[in-house]
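A.B. asks: Based on what follows, work out the 3D shape:
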Amino acid sequence: MKDLGPVHFFLGIRVQRTASGFFLSQEQYTDDVLDRAGMSDCKLASTPVNTKAKLSSSEGQPVADPSFYRSIVGALQYLTLTRPDLAYAVQQACLHMHDLRDVNWTFVKQILR
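C.D. replies: Residues are numbered from 1 along each chain as shown. Got it, this is the predicted structure:
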């Protein structure tokens, strides 16, 4: 086994040591997810989801590429390691994986913003 020194970047998470402990950041990973989704130049949103609105499982048209949607939502699930504020919104996006609609993609775009 070889000692590579202090960790700086591991599994998409940047590690910074401070006097009070460690600071974990997934900024580069987040940028990569936004690039994959084609939303790197989008406007920011103050909250990831409207908690009062409920998504219907039968409203809207079926998504053309469900694997792309699942890939983006899976990446968002990994992002919740350092962004627990997104956990509720990502969980709501995961509820509709079995029958994806265009309103679900709009919902995920809101999370990405």
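A.B. asks: so the residue nearest to the spatial centre of the chain is in which element?
C.D. replies: Nearest residue to the geometric centre of the chain (C-alpha atoms, centre = their mean): Leu76, 2.2 Å. Following DSSP states H and E, one finds Leu76 within helix 66-79.
A.B. asks: and the next element down the chain from that helix?
C.D. replies: With DSSP H and E, the next secondary element past helix 66-79 is helix 87-94.
A.B. asks: Contacts only, for the residue nearest to the centre of the chain.
C.D. replies: Neighbouring residues of Leu76 by C-beta atoms under 8 Å, 6 or more residues apart in numbering: 33, 86, 90, 93, 108, 111-112. Quick note: C-beta positions are derived from backbone N, CA and C, even for glycine.
A.B. asks: And for Thr30?
C.D. replies: Contact analysis of Thr30 by C-beta under 8 Å, 6+ apart lists Leu79.
A.B. asks: what about the helices in the chain?
C.D. replies: Ranges of helices in the chain, per DSSP state H, are 27-37, 66-79, 87-94, 102-112.
A.B. asks: list the buried ones in the shortest one?
C.D. replies: Using 16 or more other C-beta atoms under 10 Å as the test for burial, helix 87-94 gives 89-90, 92-93.
A.B. asks: cool, stretch 31-47 as well?
C.D. replies: Those would be 33-34, 37, for stretch 31-47 by 16+ other C-beta under 10 Å.
A.B. asks: can you dump the C-alpha coordinates of that stretch into PDB?
C.D. replies: Once non-C-alpha atoms are left out, stretch 31-47 reads as follows in PDB (Å, rounded to 0.1, in the frame of the first residue of the first chain):
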ATOM      1  CA  ASP A  31     -21.000  21.600 -13.300                       C
ATOM      2  CA  ASP A  32     -20.600  18.300 -15.100                       C
ATOM      3  CA  VAL A  33     -24.200  17.400 -14.400                       C
ATOM      4  CA  LEU A  34     -25.400  20.700 -15.700                       C
ATOM      5  CA  ASP A  35     -23.400  20.400 -18.800                       C
ATOM      6  CA  ARG A  36     -24.800  16.900 -19.500                       C
ATOM      7  CA  ALA A  37     -28.300  18.200 -19.100                       C
ATOM      8  CA  GLY A  38     -27.600  21.200 -21.300                       C
ATOM      9  CA  MET A  39     -28.400  23.700 -18.600                       C
ATOM     10  CA  SER A  40     -25.000  25.200 -17.800                       C
ATOM     11  CA  ASP A  41     -26.200  28.700 -18.800                       C
ATOM     12  CA  CYS A  42     -29.600  28.500 -17.100                       C
ATOM     13  CA  LYS A  43     -31.000  31.100 -14.700                       C
ATOM     14  CA  LEU A  44     -30.800  30.400 -11.000                       C
ATOM     15  CA  ALA A  45     -33.900  29.400  -8.900                       C
ATOM     16  CA  SER A  46     -34.100  30.200  -5.200                       C
ATOM     17  CA  THR A  47     -35.800  26.900  -4.300                       C
END
